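Undergrad: got a predicted structure here, sequence first:
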Protein chains: 2
Amino acid sequence: MGQKGSIIVLTGEGKGKTTAALGMAMRAVGHGFRVAFLQFIKGTWKYGELEAAKRLKPELELEPLGEGFVHVDPLNPDPRDVEVTRKAWEVCKEKILSGHYFMVVLDEINYALSYGLLPLAEVLEVLKKRPDHVHVVLTGRNAPQEIIELADLVTEMKEIKHPFSKGIVSRKGIEY
Amino acid sequence: MGQKGSIIVLTGEGKGKTTAALGMAMRAVGHGFRVAFLQFIKGTWKYGELEAAKRLKPELELEPLGEGFVHVDPLNPDPRDVEVTRKAWEVCKEKILSGHYFMVVLDEINYALSYGLLPLAEVLEVLKKRPDHVHVVLTGRNAPQEIIELADLVTEMKEIKHPFSKGIVSRKGIEY
């Protein structure tokens, strides 16, 4: 108790999930710990993070894994999306089980899980059998109940007010 | 519309407010933008951030401003706490109004405001008259209603599950 790595879930409809995970990665790197930050959704809007992440090398490894699967029919997912996500998960699994990292961030994995692109049972199993010292952070909307039950810390980001409702467009350095 | 800097509020009882602000700072720095990250509550638990922040220099300036005021009687605040917080605010005000920064983070200012350590009217005035391009991020519990009304984006961090309820103690690289 106390020394085992945590399962940390950042979920909810509000903004700040990936951003909070980035901040956590930054804090860990500040202690000289190794962090793998694995992004299930790839996009050019990650530019700011990618550039900043370079400064946190070599402890921080930021790796985009996905090719984007924003519009998925959960009852009938595109086989290509499933394949890409499975491949991404294989990389994550290896990194978690390697014990090489203090922290592994699975960015937007909740999204992939809720779309049925990944087998929940296998993800739960890997989380349970991870090396004791490994912290795993899972971000994204709609975290499955089983993940929440397994987690040590769950924060829901709740949107109280959003700039798009004021007609403001996405801006460099803020949203991406 | 659209190009003016935003007022962003990260509030709520859950974890991840300062961490999300750090991630935002990191993203902005990734674009080469200047960020002033001003911390109203100082503590040795900021070690991880301070070390990581060094890697984000020179764009990121991380400055602890406060000397800690965790236990404050809002009806009768210690004059020393008021003085220290006022001095901290003077630094913030200058940075915001200078126009030198893309983003100014006022970490835990909501806390100071809710404890009555700072005059809300003056903070609102400075936020309103800031240079157009300056984004201001205000973190901390109990964001005053007037700040929420002025804000463009408000995210509430809601704690669903917390490790301390499982008897886990604060750990290096995670909580600090």
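TA: Perfect, thanks for sending it.
Undergrad: mind naming the longest strand for chain A?
TA: Ranked by number of residues, the top strand in chain A under DSSP state E is strand A:153-161.
Undergrad: strand partners of that strand, parallel vs antiparallel please.
TA: Its sheet considered, strand A:153-161 pairs with strand A:7-11 (parallel), strand B:153-161 (antiparallel) by DSSP bridges.
Undergrad: please identify the deepest-packed of these.
TA: strand A:7-11 (a mean of 27; mean count of other CB atoms under 10 Å in any protein chain shown). (Each C-beta comes from the backbone N, C-alpha and C, glycine too.)
Undergrad: work out the gap between that one and the centre of the chain.
TA: 9 Å (CA atoms, centre = their mean, to the nearest Å).
Undergrad: what's the following helix or strand after it?
TA: Per DSSP states H and E, the first helix or strand lying C-terminal to strand A:7-11 is helix A:17-30.
Undergrad: list the helices and strands whichever helix or strand comes after that following helix packs on?
TA: Helices and strands here follow DSSP H and E; after helix A:17-30, the next one along the chain is strand A:35-39. Judged by 3 or more CB pairs under 8 Å, 6 or more residues apart in numbering or on different chains; DSSP states H and E, strand A:35-39 is in contact with helix A:17-30, strand A:60-64, helix A:79-98, strand A:103-107.
Undergrad: circling back to that earlier point, could the strands paired with strand A:153-161 go into a markdown table alongside distance to A:K54 and mean pLDDT?
TA: Formatted as a markdown table, the strands paired with strand A:153-161 follow (distance: least, CB to CB, whole Å; pLDDT from 0 to 100):
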| stretch | distance to A:K54 | mean pLDDT |
| --- | --- | --- |
| strand A:7-11 | 23 | 96 |
| strand B:153-161 | 27 | 90 |
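Undergrad: now these as TSV including distance to B:C92?
TA: TSV is the format used below for the strands paired with strand A:153-161 (distance: least, CB to CB, whole Å):
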stretch	distance to B:C92
strand A:7-11	28
strand B:153-161	19
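Undergrad: among those, which comes closest to A:V91?
TA: strand A:7-11 (18.8 Å; CB to CB).
Undergrad: doesn't A:V137 lie inside a helix?
TA: No. If the criterion is DSSP: H, G, I helix; E, B strand; the rest coil, then A:V137 is strand and not within a helix.
Undergrad: and the pLDDT at the residue positioned nearest the centre of chain A?
TA: Chain A has A:D107 as the residue nearest its centroid, 1.5 Å off, counting by CA atoms, centre = their mean. What the model reports as pLDDT for A:D107 is 92.
Undergrad: give me the beta-bridge partners of it?
TA: In this structure, A:D107 bridges to A:Q39 when assessed by DSSP bridges.
Undergrad: distance check, it against A:K95.
TA: 13 Å (CB to CB, to the nearest Å).
Undergrad: shared neighbours of the two, anything?
TA: A:L38 (CB atoms under 8 Å, 6 or more residues apart in numbering or on different chains).
Undergrad: just to revisit the earlier point, now the angle from the longest strand of chain A to helix B:17-30?
TA: Between strand A:153-161 and helix B:17-30, the angle comes out at 70 degrees (axes from the mean of the first three to the mean of the last three CA atoms, to 10 degrees).
Undergrad: mind putting the helices and strands packed on strand A:35-39 in TSV, distance to B:A20 included?
TA: Formatted as TSV, the helices and strands packed on strand A:35-39 follow (distance: least, CB to CB, whole Å):
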stretch	distance to B:A20
helix A:17-30	4
strand A:60-64	17
helix A:79-98	23
strand A:103-107	14
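Undergrad: now A:S114: closest residue in space, sequence neighbours ignored.
TA: Distances taken as CB to CB, 6 or more residues apart in numbering or on different chains place A:N142 nearest to A:S114, at 3.8 Å, with adjacent residues excluded.
Undergrad: my guess is that neighbour meets A:A112, correct?
TA: No. Look at A:N142 against A:A112 with CB atoms under 8 Å: they stay out of range, at 10.2 Å.
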